[in-house]
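Q: Here is my input, please return the structure:
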Amino acid sequence: MTRKLSPAGPTWWKPEYKSSLLLTDDAREVFQMALRKLGYSGNTTDPKEIEAAYNELKKLMPNVAAFNSDNPANPYMEGEVNLGMVWNGSAYVARQAGTPLEVIWPKEGGIFWMDSLSIPANAKNVDGALKLINFLLRPDVAKQVAETIGYPTPNLAARKMLSPAVANDKSLYPDAATIEKGEWQNDVGSASAIYEEYYQKLKAGRLIPQGGTAVPPFFFALTLAPQRAPEERRQFAPARPMVKIHQPLRHRFLPPVGDEPGRQGHQRQFAMPKTTRKRPKRRLNHRAIRFLQHKAVMHLAPPALNIVERVAGKRPPRARG
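A: All right, here's what the predicted structure looks like:
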């Protein structure tokens with residue numbers, strides 16, 4: 001269903017937009033959006049202002065359904081999201097494909113950037129590169145490119161040749177007031193590392209179920225099940241063994257930490273197919289088991305530790321800490 005949006009546009013932080021928002025998968029663009037909302041420059045290098053933007057974005061995360069920069073128009077075209085960030089060229093292509101997508105410039109101002117053609121200093125075919133650039137700068141070619149991919153052309157001669165539908169599209173060629181209110185994305189130098197650190201932290205936080213704790217991605221599938229209601233746990237139980245001890249021991253699944261009486265729920269076992277080839281006996285690697293014990297205690301709760309002990313057939317020394 002398509003709704004007509006108000007001229008002011010939607011406010012993404014509203015709870016009714018839960019799990020319906022798309023953000024481009026780009027640290028600078030996402031943070032520039034939040035910085036502009038807070039009244040800061042989108043090109044700031046102040047760590048405190050970047051942190052403030054991070055805290056503001058954390059409030060937005062329940063509404064975010066996806067990060068996508070590979071093809072940001074696809075989630076809109078497939079109905080996976082209802083609103084969010086998109087490049088104006090991608091929005092143009094989506095509309096050409098029949099998607100009822102409307103672009104609204106934010107009241108805080110848009111984010112502007114440009115792509116450029118350049119020739120490396122050590123290029124081996126400079127003449128060929130110059131011919132390509134000169135070809136793309138031809139007004140008739142620039143017109144075709146602009147009307148195909150949607151992104152606005154800076155070629156003034158080509159602008160005069162554009163079809164009225166493209167030339168008058170305010171999402172591609174905004175008026176002077178919209179441009180004046182917006183901000184060009186500049187190089188922030190070493191502050192890029194600060195942006196990237198907070199961005200990765202922001203995305204990692206989305207993987208944690210409500211009530212969960214931050215754990216390494218390897219343990220996410222194992223900590224996911226205990227955070228859900230008992231009736232939902234079965235469908236989220238890992239389909240393959242996430243932690244296993246190799247031969248000569250039998251492989252066993254770690255079931256979700258459930259509400260089964262006693263420890264019956266943790267005694268399921270799945271034997272690997274037997275082979276005719278004899279394998280040499282191997283000594284248990286107690287160091288590996290102690291490491292697994294330590295991780296089990298930290299992230300999986302005591303029943304997983306009991307599994308390790310039963311599989312090993314003996315109790316190795318417990319890791320401390």
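
Q: How are the helices of the chain distributed by residue range?
A: Ranges of helices within the chain are 27-37, 47-60, 74-77, 88-96, 126-137, 139-149, 156-159, 164-167, 176-181, 192-205, 220-227, 230-236, 286-295, 302-312, based on DSSP state H.

Q: Please work out the average pLDDT along the fourth one.
A: Here the mean pLDDT over helix 88-96 is 87, rounded to a whole number.

Q: again with the first one
A: Mean pLDDT, helix 27-37: 92.

Q: Export it to PDB, keeping only CA atoms.
A: The C-alpha trace of helix 27-37 is given here as PDB (Å, rounded to 0.1, in the frame of the first residue of the first chain):
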ATOM      1  CA  ALA A  27      29.700   5.000   7.900                       C
ATOM      2  CA  ARG A  28      30.000   8.500   6.800                       C
ATOM      3  CA  GLU A  29      26.600   8.800   5.200                       C
ATOM      4  CA  VAL A  30      24.800   7.300   8.200                       C
ATOM      5  CA  PHE A  31      26.600   9.400  10.700                       C
ATOM      6  CA  GLN A  32      26.400  12.600   8.600                       C
ATOM      7  CA  MET A  33      22.600  12.100   8.700                       C
ATOM      8  CA  ALA A  34      22.600  11.800  12.500                       C
ATOM      9  CA  LEU A  35      25.000  14.700  12.900                       C
ATOM     10  CA  ARG A  36      22.800  17.000  10.800                       C
ATOM     11  CA  LYS A  37      19.800  16.000  12.900                       C
END
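
Q: How about residues contacting that helix?
A: Helix 27-37 has contacts (Cβ atoms under 8 Å, 6 or more residues apart in numbering) with 23-24, 41-44, 49-50, 53-54, 56-57, 60, 67, 85, 106, 108-109, 111, 183, 185, 188, 192, 195-196, 198-199, 202. For the C-beta atoms, the positions are set from N, CA and C on the backbone; glycine is no exception.

Q: Just the buried ones among those, please.
A: 23-24, 42, 44, 49-50, 53-54, 56-57, 60, 67, 85, 106, 108, 111, 183, 185, 188, 195, 198-199, 202 (16 or more other Cβ atoms under 10 Å).

Q: one step back: mean pLDDT for the helices of the chain: which is lowest?
A: Minimum mean pLDDT among these: helix 220-227, a mean of 32.

Q: Just the terminal-to-terminal distance for stretch 87-102.
A: 12 Å (Cα to Cα, to the nearest Å).

Q: likewise stretch 145-165?
A: Start-to-end span of stretch 145-165 (Cα to Cα) is 15 Å.

Q: Likewise for stretch 20-40?
A: 26 Å.

Q: Can you mark which positions in that stretch are buried?
A: The neighbour-count check on stretch 20-40 (16+ other Cβ under 10 Å) flags 21-37, 40 as buried.

Q: How about stretch 71-80?
A: Pro72, Ala73, Asn74, Pro75, Tyr76, Met77.

Q: quick one, what contacts Lys201?
A: Neighbouring residues of Lys201 by Cβ under 8 Å, 6+ apart: Tyr54.

Q: do you know how far it is from Met61?
A: From Lys201 across to Met61, the span is 11 Å (Cβ to Cβ, to the nearest Å).

Q: and what of Tyr40?
A: For Tyr40, the distance to Met61 (Cβ to Cβ) stands at 20 Å.

Q: likewise Gly128?
A: Gly128 sits 47 Å away from Met61, going by Cβ to Cβ.

Q: try Glu102
A: With distances taken as Cβ to Cβ, Glu102 is found 24 Å from Met61.

Q: now swap in Ala167 and tell me
A: 39 Å.

Q: Equivalent analysis for Ala73, please.
A: Distance, Ala73 to Met61, using Cβ to Cβ: 22 Å.

Q: Ser192 now?
A: In this view, Ser192 and Met61 are 22 Å apart by Cβ to Cβ.

Q: swap in Thr24?
A: For Thr24, the distance to Met61 - Cβ to Cβ - is 15 Å.

Q: Please tell me how far Ile133 sits from Met161.
A: For Ile133, the distance to Met161 - Cβ to Cβ - is 19 Å.

Q: Compare those two (neighbour count), which wins?
A: Comparing Ile133 with Met161 by other Cβ atoms under 10 Å, the one with more neighbours is Met161, at 16 against 12.

Q: list the contacts for the nearest residue to the more buried one once chain neighbours are set aside?
A: With sequence-adjacent residues excluded and distances taken as Cβ to Cβ, 6 or more residues apart in numbering, Met161 is closest to Lys143, at 4.5 Å. The neighbourhood of Lys143, defined by Cβ under 8 Å, 6+ apart, consists of Thr153, Asn155, Ala158, Met161, Leu162.

Q: What of Phe67?
A: Neighbour list for Phe67: Leu22, Leu23, Thr24, Asp25, Val30, Lys203 [criterion: Cβ under 8 Å, 6+ apart].

Q: These into JSON lines, with extra columns for distance to Ser118?
A: Formatted as JSON lines, the contacts of Phe67 follow (distance: Cβ to Cβ, whole Å):
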{"residue": "Leu22", "distance to Ser118": "31"}
{"residue": "Leu23", "distance to Ser118": "29"}
{"residue": "Thr24", "distance to Ser118": "24"}
{"residue": "Asp25", "distance to Ser118": "25"}
{"residue": "Val30", "distance to Ser118": "26"}
{"residue": "Lys203", "distance to Ser118": "31"}
